[in-house]
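Q: Sequence and computational prediction follow.
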Amino acid sequence: MHLLATIPRPDGSTFKEILAPLIGDFFPPDRARQHGPYYFVRTWDDRAGTELLRISLDGVVDPGATGDELRRTARRYGCEAHIEETPPEAAPSPLWNAGFDGTGFPALSKRLYQEAAPILGRFLAGAAGEERGPLGAALDAIHLMTAHTRATLLGSPQRDLAEYGFRDLLTLRLLSYRSHFEAIYARSKDPAAFEAACARFYAQAGETARNAVLAYGDPDTGPADRTPAQEWTDFIVSSSQAVGKHFQNGTVRDAGRTLEDLERERGGPVEPTRFHIPPIPELDQLLHRDIDFLTFRLQTSVLYSCLYTLGFSLAERYVFCYVVARANEEIAGKSMKELQDDLDELARRFAAAGAAITG
């Protein structure tokens with residue numbers, strides 16, 4: 001039996017105060033479970049205008065007892081759990097706003113979240129058990145983000161390019177965090193003030209980020225055993241082939257808005273950001289049609305969604321992206337523009353290598 005629960009966040013509370021501890025209470029890492037695969041996701045109900053926690057429990061042995069336990073747990077935190085018995089496929093995709101779709105996407109997104117859920121539970125338990133505080137949790141998230149990018153490269157065909165070592169490729173793939181930050185920087189009400197706030201946080205977190213970038217430049221030196229970063233690495237590596245196959249078969253496709261889409265919506269040209277300019281053809285091919293890079297993009301969407309589910313706000317996520325991106329640029333000894341030029345060159349060489357193989 002499959003149970004689908006929705007738990008709205010009470011007015012006047014925050015996710016970190018109420019729903020994140022509720023997750024840790026109901027899904028302790030060492031608990032014997034009376035159900036099969038499960039996931040939990042922080043999401044938004046547009047119709048009700050409410051943030052909520054959605055929980056999917058498959059293979060439930062005793063639906064009545066499990067539902068009652070979940071309701072009791074929710075009430076301890078001042079929440080109400082609304083529980084339905086539904087087919088698993090009736091549950092909404094946990095990645096509904098990730099910019100991907102296709103006939104295989106709903107099932108794939110749920111399976112990825114099911115694989116990630118135990119890791120998220122241990123992340124929350126570790127943060128609570130060690131009383132790490134807000135800064136400690138943020139540093140753990142920054143570490144996780146860097147480990148994630150390394151993991152997406154371990155099986156990448158880009159490693160077949162003789163001209164590039166693993167650290168070179170990691171530097172260029174970490175540039176995606178700069179792209180993510182620059183997109184929101186350009187849309188913020190006061191970009192200078194926002195970047196200044198990010199820089200102040202970098203003074204606290206920069207050393208951790210630089211050490212992570214340095215540590216993960218070796219494909220044979222990963223995160224410490226039995227840590228969320230190491231478990232996340234295993235999850236990303238083990239899921240990459242299946243995700244890539246969905247793109248290859250056309251059952252999952254990129255549905256994100258293109259520059260042309262934005263120009264149609266706005267009725268005119270879109271001003272470039274400091275980072276985002278029309279890409280050269282080879283880079284456009286890499287970003288939007290290369291199976292390996294599409295896999296990286298989808299897995300990074302999973303990462304961002306999971307950070308949100310761990311209780312980090314969208315603003316915090318953009319700050320973390322700034323921190324990792326700046327640390328990467330400092331370790332590389334190159335500016336954002338220089339790394340963009342290097343990425344263009346990588347795209348050209350990768351396209352030429354592919355043409356040589358197929359031609």
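A: Received, thanks. Numbers count the residues shown, from 1 in each chain.
Q: Quick check on Asp11: phi, psi?
A: For Asp11, the backbone dihedrals are phi -60, psi 140 (criterion: degrees, to the nearest 10).
Q: number of nearby residues for it?
A: Neighbourhood size, Asp11 [other CB atoms under 10 Å]: 6. Heads up, the C-betas are built off the backbone N, CA and C, glycines and all.
Q: OK, contacts around it?
A: Residues near Asp11 by CB atoms under 8 Å, 6 or more residues apart in numbering: none.
Q: Also Ala212?
A: 142-143, 146-147, 324, 327.
Q: pretty sure Gly217 belongs to a helix, no?
A: No. Gly217 is assigned coil when assessed by DSSP: H, G, I helix; E, B strand; the rest coil, not a helix.
Q: And the closest residue in space to it that isn't next to it in sequence, how far from Gln241?
A: Of all residues beyond its chain neighbours, the one nearest Gly217 is Arg167 (3.7 Å), with distances taken as CB to CB, 6 or more residues apart in numbering. Separation of Arg167 from Gln241 (CB to CB, to the nearest Å): 24 Å.
Q: and the two? which has more neighbours close in?
A: Using other CB under 10 Å as the criterion, Arg167 and Gln241 rank with Arg167 on top: 16 against 10.
Q: Give me the below-cutoff pLDDT ranges for the stretch 201-350 of the chain.
A: Scanning the stretch 201-350 of the chain for pLDDT under 70 picks out 257-263, 266, 270.
Q: Let's see that with 80 instead.
A: By pLDDT under 80, the weakly predicted segments of the stretch 201-350 of the chain are 226, 256-272.
Q: the helices in it, which residues?
A: 228-249, 259-266, 281-289, 291-309, 314-332, 336-358 (DSSP state H, counting those that start in this stretch).
Q: so which of those comes closest to Val213?
A: helix 314-332 (4.8 Å; CB to CB).
Q: tilt between the closest one and helix 291-309?
A: Put simply, helix 314-332 runs at 130 degrees to helix 291-309, going by axes from the mean of the first three to the mean of the last three CA atoms, to 10 degrees.
Q: Distance to Asp45 for the helices of the stretch 201-350 of the chain - can I get that in CSV?
A: Shown next, in CSV, are the helices of the stretch 201-350 of the chain (distance: least, CB to CB, whole Å):
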stretch, distance to Asp45
helix 228-249, 28
helix 259-266, 24
helix 281-289, 31
helix 291-309, 15
helix 314-332, 17
helix 336-358, 38
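Q: of those, which approaches Gly206 most closely?
A: Set against Gly206 and scored by CB to CB, the helices of the stretch 201-350 of the chain come closest in helix 314-332, at 5.9 Å.
Q: list the buried ones in that closest one?
A: Within helix 314-332, the residues that qualify as buried are 316-329, 331-332, counting by 16 or more other CB atoms under 10 Å.
Q: Now do the buried residues in stretch 18-28.
A: Those would be 18-24, 26-27, for stretch 18-28 by 16+ other CB under 10 Å.
Q: Ile277: which of those is nearest?
A: Closest to Ile277 out of the buried residues of stretch 18-28 is Ala20 (38.6 Å), distances taken as CB to CB.
Q: quick one, what contacts the residue most central in space within the chain?
A: Residue closest to the mean C-alpha point of the chain, counted by CA atoms, centre = their mean, is Leu303 at 1.6 Å. Contacts for Leu303 were tallied using CB under 8 Å, 6+ apart; they are 144-145, 148.
Q: Need those in CSV (columns: distance to Ser179, secondary structure and neighbour count).
A: Output for the contacts of Leu303, formatted as CSV (distance: CB to CB, whole Å; DSSP: H, G, I helix; E, B strand; the rest coil; neighbours: other CB atoms under 10 Å):
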residue, distance to Ser179, secondary structure, neighbour count
Leu144, 19, helix, 24
Met145, 14, helix, 24
His148, 15, helix, 24
